[in-house]
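Peer 1: predicted model, plus sequence, below.
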Amino acid sequence: MASGPITSLRVRSGVDGTVQIGPRDFGGRIAVVARTASDRRRGALARRDGDSLAAAARMALHLRVPLVLELASSGADVSEGIDALHGWGGAAGAVAACSGVVPIIAVTTGPVISGPALMLGLADIVVMTQSAVAFVSGPSMVAEFTGVRVGIEALGGVAVHASASGLCAVEADETDEAVSEILGFLPRHGDEEAPIAPTMDPVDRLIPELRTVVPARGSASYDVRDVARLLVDDEIVYELWARWAPQLVTAMGRIGGRSVGIVANQPRSLAGTLDIAASQKAARFVRFCDAFNLPIVTLVDTPGFLPGKDLEWRGMIRHGAELAFAYAEATVPRVCVILRKAFGGAYIVMDSKGLGNDLCLAWPAAEIAVMGAPGAVQILHRREEAADRAGLEEDYRMRYLTPWPAAERGFVDEVVDPAATRTVLAAALSALSTKREPLVGRKHDVGPL
């Protein structure tokens, strides 16, 4: 869609409120923007402001372009009472109708408080500056109900939402630039594919560095982002939720000019184990990629789920199942690459063949099994003397901790030279570009949310 006159449109310009709406050009990508003016009544949302936000959402749906919400609000306008509440409630309903149809990006540069803060949670991606703050209940209410005194930053500052709550996907001072970069990877809506970007980076580029990126010692760590950078075009990786659940990386990049979503275990943090936050992070990103037709490349190196009583009590089973469910229902092209460890249930939920991936690759040193050698020998040979277990562990490694048993059973399609991984990925994504799966005829799924 050409920018031209459309970006000069102003919608509901005669409405006296805190919200301004209209199309805007972000680096050649048109989006409908709804912006709250925080300098007017501290951005408090009256009924008419909620109506304007809802109008922006409907406009994005009609034009089939992304919706960008620039929010800074002190909450519903108290002077209007329940009318104001229904205003932002109607806006939330209209924004929810956009979900999975057009990309929704929320940007906040200041306080977003009470009900309007929940609208941030409706966005696909939230961009926050260092001055942003978001919470549903403020410090005074927290102190009144819990007796705990907490400052605004500690309650809902960007550091909290980037590392603890998982609300903030991108921290940026230049928010327009961040939105432009994000939209550059995405289609305008869910019925089209992202544009193919020109690149001088050949798809058949060999990467000999990948033969040594994974340490020979199984317990040694490395940065999986280095692997991702070497695989994508021009080594450009755009990471989302970098500080939340850092043991799992979610990012966007391109291979052969095609936008892809990357999900990767990160051995540098908690050895790449999966916990509740990592499972939620990956599941949401997989669903996002599937909604907007981004093929998913999954890089696997995980020893399993992180054990712990607290995790089990908080619902590790349900949240671990979220990831399996997200992959199982995804219809976009999916390629899995097993770099090193792929053990137990964590291997299965990281887009294994059983969940329906289109292609599963493994590096020659990959270890694919129920568990590692020490644990297996402890179970299989518990009565053996400790002195004998070292030999048994080595025998187990040689016989089972290789990609060949999985390849013989069809669970791995090809064992590839790490240096040729980019070439194979590019060929696979090109071949899978015509993939189409019929959607199941049902109202909606009931996933393990």
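Peer 2: Thanks, I have it.
Peer 1: ok so residue 293 is a helix residue?
Peer 2: No. Remark: residue 293 does not belong to a helix; assigned using DSSP: H, G, I helix; E, B strand; the rest coil, it is coil.
Peer 1: residue contacts, it?
Peer 2: 187, 190, 192, 193, 194, 332 (Cβ atoms under 8 Å, 6 or more residues apart in numbering). All C-beta spots, glycine's among them, are computed from the backbone N, C-alpha and C.
Peer 1: ok, and the closest non-adjacent residue to the third one?
Peer 2: Excluding its sequence neighbours, the residue lying closest to residue 192 (Cβ to Cβ, 6 or more residues apart in numbering) is residue 293, at 7.3 Å.
Peer 1: swap in the first one?
Peer 2: Leaving aside its chain neighbours, residue 187 sits nearest to residue 194 (4.7 Å; criterion: Cβ to Cβ, 6+ apart).
Peer 1: so the one you found touches residue 289, yeah?
Peer 2: No. With contact defined as Cβ atoms under 8 Å, residue 194 does not reach residue 289; the gap is 10.3 Å.
Peer 1: ok, back up a step: what's the spacing between the residue nearest to residue 192 and residue 332?
Peer 2: Distance, residue 293 to residue 332, by Cβ to Cβ, to the nearest Å: 6 Å.
Peer 1: same question, residue 422
Peer 2: Applying Cβ to Cβ to residue 422 and residue 332 gives a distance of 19 Å.
Peer 1: cool, residue 136 as well?
Peer 2: Taking Cβ to Cβ, one finds residue 136 at 34 Å from residue 332.
Peer 1: for the stretch 101-250 of the chain, just list every one of the strands.
Peer 2: 104-113, 125-128, 133-135, 170-171, 238-240, 248-255 (DSSP state E, counting those that start in this stretch).
Peer 1: let's have the ones you listed in a markdown table, adding mean pLDDT.
Peer 2: Output for the strands of the stretch 101-250 of the chain, formatted as a markdown table (pLDDT from 0 to 100):
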| stretch | mean pLDDT |
| --- | --- |
| strand 104-113 | 93 |
| strand 125-128 | 97 |
| strand 133-135 | 92 |
| strand 170-171 | 98 |
| strand 238-240 | 98 |
| strand 248-255 | 98 |
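Peer 1: related to what we said a few turns ago, compare neighbour counts for residue 194 and residue 289 and give me the winner.
Peer 2: residue 289 (25 against 21; other Cβ atoms under 10 Å).
Peer 1: could you find the closest non-adjacent residue to that one?
Peer 2: Closest to residue 289 by Cβ to Cβ, 6+ apart is residue 261, at 3.6 Å.
Peer 1: likewise for residue 272?
Peer 2: residue 265 (3.6 Å).
Peer 1: now that neighbour: phi and psi?
Peer 2: Phi and psi for residue 265, reported as degrees, to the nearest 10, are phi -70, psi 140.
Peer 1: check the one 4 residues further on too.
Peer 2: Reported as degrees, to the nearest 10, the phi and psi values for residue 269 are phi -130, psi 120.
Peer 1: that one contacts residue 244, doesn't it?
Peer 2: No. In this structure residue 269 lies outside contact range of residue 244 using Cβ under 8 Å: 11.2 Å.
Peer 1: which one of those two is surrounded by more residues?
Peer 2: Comparing residue 269 with residue 244 by other Cβ under 10 Å, the one with more neighbours is residue 244, at 21 against 17.
Peer 1: residues in contact with that one?
Peer 2: Contact analysis of residue 244 by Cβ under 8 Å, 6+ apart lists 162, 163, 164, 165, 166, 168, 277, 281.
Peer 1: okay, the residues you listed in TSV with neighbour count, pLDDT and distance to residue 237 next?
Peer 2: Below are these laid out as TSV (neighbours: other Cβ atoms under 10 Å; pLDDT from 0 to 100; distance: Cβ to Cβ, whole Å):
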residue	neighbour count	pLDDT	distance to residue 237
162	20	96	18
163	16	96	20
164	12	95	24
165	14	95	24
166	17	96	20
168	30	97	18
277	21	96	21
281	26	97	16
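Peer 1: please narrow these to those residing in helices.
Peer 2: 277, 281 (DSSP state H).
Peer 1: just the closest of the contacts of residue 244 to residue 212, please.
Peer 2: residue 281 (28.9 Å; Cβ to Cβ).
Peer 1: output the lowest mean pLDDT helix or strand found in the protein.
Peer 2: Least confident element among the helices and strands of the chain, by mean pLDDT, DSSP states H and E: helix 373-380 (a mean of 64).
Peer 1: how many neighbours does residue 192 have?
Peer 2: Number of residues near residue 192 (other Cβ under 10 Å) recorded here: 12.
Peer 1: please apply the same query to the one 4 residues further on.
Peer 2: Summarising burial for residue 196: neighbours were counted as other Cβ under 10 Å, giving 12.
Peer 1: what's near enough to touch the closest residue to it other than its chain neighbours?
Peer 2: Nearest in space to residue 196, with sequence neighbours left out and distances taken as Cβ to Cβ, 6+ apart, is residue 257 at 4.1 Å. Going by Cβ under 8 Å, 6+ apart, residue 257 touches 196, 197, 198, 199, 233.
Peer 1: just to revisit the earlier point, for the residue nearest to residue 192, phi and psi?
Peer 2: Residue torsions, per degrees, to the nearest 10, at residue 293 are phi 60, psi 30.
Peer 1: looking at it now. What's its pLDDT?
Peer 2: For residue 293, the pLDDT comes out at 96.
Peer 1: re earlier: measure the residue nearest to residue 196 to residue 337 for me?
Peer 2: Taken as Cβ to Cβ, the span from residue 257 to residue 337 is 20 Å.
Peer 1: can you check residue 236 too?
Peer 2: Residue 236 sits 19 Å away from residue 337, going by Cβ to Cβ.
Peer 1: of those two, who's got more company?
Peer 2: Between residue 236 and residue 337, residue 337 has the larger neighbour count (other Cβ under 10 Å), namely 24 against 16.
Peer 1: would you mind measuring from the more buried one to residue 365?
Peer 2: Distance of residue 337 to residue 365, computed by Cβ to Cβ: 13 Å.
Peer 1: widest-spaced pair of the contacts of residue 293?
Peer 2: Every pair of the contacts of residue 293 checked by Cβ to Cβ; the farthest is 192 and 332, at 13.0 Å.
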